[in-house]
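Undergrad: Test case, fold it:
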Amino acid sequence: MKLRRGASNNPVQLGRELGRGGEGAVFPVVGMPDLVAKIYLKPPTPLKVEKLRSMARRASPSLLRVAAWPVDVLTDEAGAVRGFLMPKVSAREDVHELYSPKSRRRAFPGVDFRFLVRAAANIARAFAQVHAVGNVIGDVNHGNALVGRDGTVVLIDCDSFQIRDGVRVFTCDVGVPLFTPPELVGQPFRGLKRSANHDAFGLAILLFHLLYLGRHPFAGRHADGEMPIERAIVESRFVYGANAAHYGMTRPPGTLPLDIYGADLAQLFECAFAPPGGDARPSAGQWVEALQALEARLAPCAVSTSHYFPRPGPGGGCCWCAFEHNTGLKLFAAQKNTFDAQGNAKLAPLWDAITAVPLPGQAAVLEAPELTELESTSRDPLGPIPRAILSWLLVFLSFGALLIQPGEHLVLAALTFGAAVALRWRYRKSSPRTERIQSSFRELLTARNQLARVVDEWNSLAADPRISKLLANLEAVKDELLGLPARREERVKALFSVAMQHQQRQYLDQIRLDKAKLPEVLPQEISMMAAYDIDTAAEVLERIAIMRGLIRDQALRQVVAWANACARNFQPSPAQGMDAEGVEEVDSILLQQQEALLHKLRQGQSELESLSGEISSQRAAKQRELEDARRAVKQAEGGGS
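TA: Below is the predicted model:
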C-alpha cells in the first residue's frame, strides 16, 4: 500500500512493524526518525477521519511535548485516510511498571520515592496540558502514560481522546471500569460527552496507584464479605478515606495510611473520591502544586541511602524503614554508582553552564603610531654649541687680521668682528624660543612613546590566547566524555569475544579425537598425537605446528578439517558467555574516567569564569589608559605648534 501525507501529498515509506494493538499497527517512517505511523487494521470511519484531521490541525508544541499527538494523516492511492503520523516515543515504560518494587527494580532500577513523586507530577502536567486546550482524555487507564528514565511522561493513544474543535466535539467512545467515575458507570460511552472533572477521577486513581504502591483506592475488605471494586466505586466506598468505617470498609493489611504524605495530599484524595454532586474534583493543576510541595519536603533517611521520606512523617522517622521492617518487603533498592553508558546525563547541564559564561569577545588590534621626527621651527640650524664655537672663531680671525696688517684689513676685520657679534647676539636672542620648542618636542615624543607602549599592551591583551586555548581544551574533554560509551561498547565486545572463544574452547575440548571417523588417519597416528596430549578438537586447532612431523600430511589435513568442522558446529550461548565481573570492572574504570572528566569540566567552568573576568577587567583598565594617552598626544601636538 502506497501512502502519502495528507498535508503535502508527499509519499511516505514505512519500515518494519514496531508493534500492534487491537485497532492498528505502528511502523517507523523512512527518512523521518522522529516520527512513526499508526496504520489502522480497518479503514477508519468518516467521523474518525474528521477527528484525525482536526487533531493534526490543532497539534501544538505544548501538546507534542506531552503526548503522541497526530501531526498529519496518511492517505492511500485513492485518497482515503488509512492512518496518521505522530511523534516517536522510545525508551519508556508503562506507568504500572513503577507500582510494585519488583517491576520497578526491573524497569527503573535504582529509583527512589522522589522519582515516583516526580513521575506523578508529570502525569498531572500532561493531563493539565490536554485540558488547557479544551480536550478530555476520557479513557483514562494504566496504558495512557509512558514514563521515561528521567521521569518525564508522554500520553499515548491520543486518537481516542475527546477533542473539541470549536463548537464541535469528537467524543471518546471507550473506557475502563476501574477508572470510570461513579456518575458515568453504566452509561454507554459512544457519543457520551465528558468533562475534565470526569478525567480528574481517573487521574486521582493513577496517582493513588503510584504513591500507594500499586493499590486501588476502592479495593479493600467489607464487613459483610466481598465488595467488587466496580460496586465500591459506584457507592463511593473509598477504602482509605475518613468515612471508610461508615461504609463498612477497611484497608488491606500491609498498606500505607492515607495521611502518610501529609494532610494536603490526603484532602485532595478525599475530595477526588467523594460522592459526586458536591465540589468539583481536584484539577490536574492542583495535583501538580501538591506533588511539587511533597517532593520539596522529602528528606534523606539516615539509615538507608535509598529512602527519601516525607517530613514530618508519622513518629518523625522514615516511613519506609518502618514499612520494610513490618512487611519484610524491600521497597527501594539503592542505585549502584556505575558508569552511565546511556549518554553521560551529567554532561548537558554542565556544558550549558560552561557555554553560559559571558566572554569578553574579540578585541580589535590597534595600529601603533609612527615615531617620526617633527620639523623644528627654530632659525638656528647650527644648534647652540656649534654656533658659539663659530662666533668665537670669527672674533679671533678679526683680531688676527688687524695684528698682521692693520691698515689693509681694517675693513675685513671690522666686518668679521661684526659677524661674530651678530652671530652671538642672534644665538642669545633665539635661545629661549629654541628651548621652548625643544621642550614641546620632547613632550610630544614622550606622549607618543607612551601611546605606542599602551597600544602594544592593548594588542597583547587583544591577542590573549588563554580563553581560546581553554575552550579548545574543554571541547576536547567533552568529546572524550561523549566517547566513553563507545569505548565501553568496544571493551564489552572484546570481553564478549573472549568469553565466546572460551566457550568454544570448552565445547571443542569435549569432542575427542579418538571418537572421530577419520579414515585417512592411522590408529598409531592417533596414539602418537595422544602422547603429545593432542586428543580433542580444541587441542588439534591449538597445536597444528606440533602435529607436523608427527603424522602424515594427508592425515594432518583430515584431522585439521575435522576440527574446523567441529568449530563451525559450535553454537554460542550469549546469556552464559558474558563475564559479569569483567563488565563490572570495565564500568568501574570508565566511571573513574567519567568522574575525572566531569571534574575537569567543572574546574574548567570556574577557570573560564575567572579568566573571563580577569581579561575583561584588564581590557577596561587598558582602555582607560588608551584614552589618557591619546589625550596627552593631542595636548602635546597643540602645545608644539
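Undergrad: Show the low-confidence segments of the protein, by residue range.
TA: In the predicted model of the chain, residues 312-316, 334-346, 359-438, 458, 463, 573-581, 639-641 satisfy pLDDT under 70.
Undergrad: Which residues are in contact with residue 153?
TA: By Cβ atoms under 8 Å, 6 or more residues apart in numbering, the contact list for residue 153 reads 66, 95, 119, 122-123, 125-126, 145-147. Where you see a C-beta, it was placed from the backbone N, CA and C, and this is true even at glycine.
Undergrad: Out of those, name the ones that lie in helices.
TA: Judged by DSSP state H, these include 66, 119, 122-123, 125-126 as members of helices.
Undergrad: between the contacts of residue 153, which is closest to residue 243?
TA: Nearest to residue 243 among those: residue 123, at 26.6 Å, using Cβ to Cβ.
Undergrad: residue contacts, the closest one?
TA: Residue 123 makes contact with 95, 145, 153, 203, 206-207, 210, according to Cβ under 8 Å, 6+ apart.
Undergrad: Could you dump those residues into JSON lines and include secondary structure?
TA: Below are those laid out as JSON lines (DSSP: H, G, I helix; E, B strand; the rest coil):
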{"residue": "95", "secondary structure": "helix"}
{"residue": "145", "secondary structure": "strand"}
{"residue": "153", "secondary structure": "strand"}
{"residue": "203", "secondary structure": "helix"}
{"residue": "206", "secondary structure": "helix"}
{"residue": "207", "secondary structure": "helix"}
{"residue": "210", "secondary structure": "helix"}
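Undergrad: before we move on, the earlier item: quick one: which of the contacts of residue 153 is nearest to residue 307?
TA: Distances from residue 307 to the contacts of residue 153, taken by Cβ to Cβ, are shortest for residue 119, at 17.6 Å.
Undergrad: What residues does the closest one make contact with?
TA: Residue 119 touches 95, 98, 147, 151, 153, 210, counting by Cβ under 8 Å, 6+ apart.
Undergrad: By neighbours, which of those residues wins?
TA: Highest neighbour count within the contacts of residue 119, by other Cβ atoms under 10 Å: residue 147, with 27 neighbours.
Undergrad: correct me, but it touches residue 92?
TA: Yes - the criterion here is Cβ atoms under 8 Å, and residue 147 meets it with residue 92 at 6.0 Å.
Undergrad: Pick out the residue closest to the middle of the chain.
TA: The centroid of the chain falls nearest to residue 348 when counting by Cα atoms, centre = their mean (3.4 Å).
Undergrad: my guess is residue 333 is in a strand, correct?
TA: No - according to three-state DSSP, the state of residue 333 is coil, so it is not within a strand.
Undergrad: What is the burial count for it?
TA: Around residue 333 there are 15 other residues, counting by other Cβ under 10 Å.
Undergrad: Contacts only, for it.
TA: So residue 333 contacts 101, 105, 109-110, 306 (Cβ under 8 Å, 6+ apart).
Undergrad: Save those residues as a markdown table, and put in distance to residue 84, neighbour count and secondary structure too.
TA: Converted to a markdown table, these look like this (distance: Cβ to Cβ, whole Å; neighbours: other Cβ atoms under 10 Å; DSSP: H, G, I helix; E, B strand; the rest coil):
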| residue | distance to residue 84 | neighbour count | secondary structure |
| --- | --- | --- | --- |
| 101 | 38 | 16 | helix |
| 105 | 36 | 15 | helix |
| 109 | 35 | 12 | coil |
| 110 | 37 | 16 | coil |
| 306 | 42 | 18 | coil |
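Undergrad: now, the most widely separated pair of the residues you listed?
TA: 101 and 110 (12.2 Å).
Undergrad: next SSE after the longest strand belonging to the chain?
TA: Ranked by residue count and defined by DSSP state E, the top strand of the chain is strand 32-40. Remark: after strand 32-40, the chain's next helix or strand is helix 46-57, criterion DSSP states H and E.
Undergrad: So what touches that next one?
TA: Contacts of helix 46-57 from elsewhere in the structure, counted by Cβ under 8 Å, 6+ apart, are 6-7, 44, 69-73, 81, 84, 158-159, 163, 165, 168, 170.
Undergrad: Got a PyMOL select line for the buried ones in these?
TA: Filtering these down to the buried ones (16 or more other Cβ atoms under 10 Å) takes a single PyMOL command:
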select buried, resi 6+44+69+70+71+72+73+81+84+158+159+163+165+170
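Undergrad: Could you list which of the contacts of helix 46-57 belong to strands?
TA: Those of the contacts of helix 46-57 lying in strands (DSSP E): 72-73, 81, 84, 163, 165, 168, 170.
Undergrad: got the residues you listed as a markdown table, with distance to residue 546 columns?
TA: Listed next are the ones in strands among the contacts of helix 46-57 as a markdown table, based on distance: Cβ to Cβ, whole Å:
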| residue | distance to residue 546 |
| --- | --- |
| 72 | 70 |
| 73 | 72 |
| 81 | 73 |
| 84 | 69 |
| 163 | 79 |
| 165 | 83 |
| 168 | 87 |
| 170 | 80 |
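Undergrad: Can you tell me which of these lies closest to residue 311?
TA: For the ones in strands among the contacts of helix 46-57, the minimum distance to residue 311 (Cβ to Cβ) is 42.7 Å, reached by residue 163.
Undergrad: Quick check: beta-bridge partners of the closest residue to residue 44 other than its chain neighbours?
TA: Nearest residue to residue 44 in three dimensions, chain neighbours excluded: residue 81, at 6.1 Å (Cβ to Cβ, 6 or more residues apart in numbering). Going by DSSP bridges, residue 81 is paired in beta bridges with residue 75.
Undergrad: what's the spacing between residue 81 and residue 29?
TA: For residue 81, the distance to residue 29 (Cβ to Cβ, to the nearest Å) stands at 16 Å.
Undergrad: Same check on residue 245?
TA: According to Cβ to Cβ, residue 245 and residue 29 sit 56 Å apart.
Undergrad: and if you look at residue 195?
TA: With Cβ to Cβ as the criterion, residue 195 and residue 29 are 35 Å apart.
Undergrad: neighbour-wise, which of these two wins?
TA: residue 29 (19 against 13).
Undergrad: Can you name the residues that contact that one?
TA: Each residue near residue 29 by Cβ under 8 Å, 6+ apart is listed here: 12-15, 35-37, 85.
Undergrad: For the nearest residue to residue 66 once chain neighbours are set aside, the count of nearby residues, please.
TA: Leaving aside its chain neighbours, residue 66 sits nearest to residue 126 (3.9 Å; criterion: Cβ to Cβ, 6+ apart). Other residues within reach of residue 126 by the criterion other Cβ under 10 Å amount to 23.
Undergrad: hang on, residue 126 packs against residue 67?
TA: Yes - look at residue 126 against residue 67 with Cβ under 8 Å: they come within range, at 6.7 Å.
Undergrad: tell me, what's touching the two both at once?
TA: Residues touching both residue 126 and residue 67 by Cβ under 8 Å, 6+ apart: 154-155.
Undergrad: So which elements touch the longest strand of the chain?
TA: strand 24-29, strand 81-87 (3 or more Cβ pairs under 8 Å, 6 or more residues apart in numbering; DSSP states H and E).
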